[in-house]
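J.: what follows is a predicted structure for the sequence shown.
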Amino acid sequence: MRNNQGAFGHEEESEEINLTPMLDVVFIMLIFFIVTATFIKEAGIQVDRPDTFTAESQDDAAILIAISASDEIWIDKQERDPRDVRGVIERLHAENPKGSVVIQADEESTNEMLVIILEAAKGAGVTNVAIASDND
């Protein structure tokens, strides 16, 4: 029988790879990506947006506001009272100051609700407001 001793009488070390440092790095990267991720807030309802031919894409949309055909205002999957819209926009804008407000107004909604939301966004200090449409 052969023993596991080298030239100097010491036992040979096993050839295992230590994965602990790699797992630490992967875990830290995971935490970094979770913390820095920008989560898009959904409006909560599906609206039939008007068609348009001259539209620009909006990349940094942080606050989505939907106006239904029956003039209901939806923000963050909840129906909101028109009087509460400004406070909600202020809170969401404080969470992501670089983001913009995107209004998804149904074709059947009235301009009155659109103006109420535009004034609320202006009163909340948001300067980047867009109205969503379907491109043809």
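T.: Nice, I can see it.
J.: which helix or strand contains Ser109?
T.: For Ser109, there is no enclosing helix or strand under DSSP states H and E.
J.: grab the nearest non-local neighbour of it.
T.: Ile67 (4.3 Å; CB to CB, 6 or more residues apart in numbering). Just so you know, the C-beta spots here come from the backbone N, C-alpha and C atoms, and that holds for glycine as well.
J.: give the next helix or strand downstream of the lowest-mean-pLDDT helix or strand in the chain.
T.: The weakest-scoring helix or strand in the chain, judged by mean pLDDT, DSSP states H and E, is strand 51-52 (a mean of 54). Using DSSP H and E, the helix or strand that directly follows strand 51-52 along the chain is strand 61-67.
J.: remind me what that next one packs against, helices and strands.
T.: Contacts defined by 3 or more CB pairs under 8 Å, 6 or more residues apart in numbering; DSSP states H and E place strand 61-67 against strand 73-75, helix 85-95, strand 100-105, helix 111-123.
J.: partners of it in the sheet?
T.: strand 73-75 (antiparallel), strand 100-105 (parallel) (DSSP bridges).
J.: tilt between that strand and helix 85-95?
T.: Counting by axes from the mean of the first three to the mean of the last three CA atoms, to 10 degrees, strand 61-67 lies at 160 degrees to helix 85-95.
J.: so, low pLDDT: which residues of this protein?
T.: Where the chain drops to pLDDT under 70, the residues are 1-14, 38-61, 133-136.
J.: remind me, longest helix of it?
T.: helix 20-36 (DSSP state H).
J.: with just CA atoms, put that helix into CSV.
T.: Only the C-alpha atoms of helix 20-36 are listed here, as CSV (Å, rounded to 0.1, in the frame of the first residue of the first chain):
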residue,chain,number,x,y,z
THR,A,20,-16.6,31.1,-0.9
PRO,A,21,-15.1,34.3,-2.3
MET,A,22,-16.9,33.9,-5.6
LEU,A,23,-20.2,33.4,-3.8
ASP,A,24,-19.6,36.5,-1.8
VAL,A,25,-19.0,38.6,-4.9
VAL,A,26,-22.2,37.2,-6.6
PHE,A,27,-24.2,37.9,-3.5
ILE,A,28,-22.9,41.5,-3.3
MET,A,29,-23.7,42.0,-7.0
LEU,A,30,-27.2,40.7,-6.5
ILE,A,31,-27.8,43.1,-3.7
PHE,A,32,-26.4,46.0,-5.8
PHE,A,33,-28.7,45.3,-8.7
ILE,A,34,-31.8,45.0,-6.5
VAL,A,35,-31.0,48.3,-4.7
THR,A,36,-30.3,50.2,-7.9
